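Asks: Okay, predicted coordinates and the sequence, questions at the end:
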Amino acid sequence: MITATATDDTIMSEQATFSVFIDVYFVRELGFLFDSNNDGLNDSFYTNVTGLITTAQKLANESYLLDTDSDGIWNYAYNPSLGSLTEMYTTETTTEFPWIYLAILIIVVVIIACVMVV
């Protein structure tokens, strides 16, 4: 708890008290996990490089998923008890030559048609 008091020469003019949570997990040079809504759970992540505050999700195994670029995709998994940081990769499967598959399908259909006619 931090209490700040503003006074002038004669009287106390204003006093305020703030709760400051200092329990954070530093995730190497990447940034740190913290509790953004004071509910006792580290649910946000500050990224050092961009200065972005993004989401974090705690898993049942006490690890955290981190979205470091605020795109809604988890970029890292962090386990504070082990100090492990694992980059998450997403893969997209694309077909660069879909016409090849269409050509193969047509050839197979023609061969089956020829076999059935003979």
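Replies: All right, it came through fine. Numbers count the residues shown, from 1 in each chain.
Asks: Outside of the helix or strand bottoming out on mean pLDDT in the chain itself, list whatever touches it.
Replies: Every helix and strand of the chain was ranked by mean pLDDT, DSSP states H and E. The lowest is strand 12-18, at a mean of 79. Strand 12-18 is contacted by residues Met1, Ile2, Thr3, Ala4, Thr5, Ala6, Thr7 when judged by CB atoms under 8 Å, 6 or more residues apart in numbering. No exception for glycine: its C-beta is placed from N, CA and C like everyone else's.
Asks: hang on, Phe32 in a strand?
Replies: Yes - under DSSP: H, G, I helix; E, B strand; the rest coil, Phe32 falls within a strand.
Asks: Show me where the protein dips below the pLDDT cut-off.
Replies: Confidence mapping of the chain against pLDDT under 70 gives the ranges 12, 19-21, 90-97, 118.
Asks: so where do the helices sit in it?
Replies: Applying DSSP state H to the chain gives helices spanning 98-117.
Asks: in it, which spans are strands?
Replies: In the chain, the segments counted as strands under DSSP state E are 2-7, 12-18, 25-27, 31-34, 44-47, 53-58, 64-66, 76-79, 84-87.
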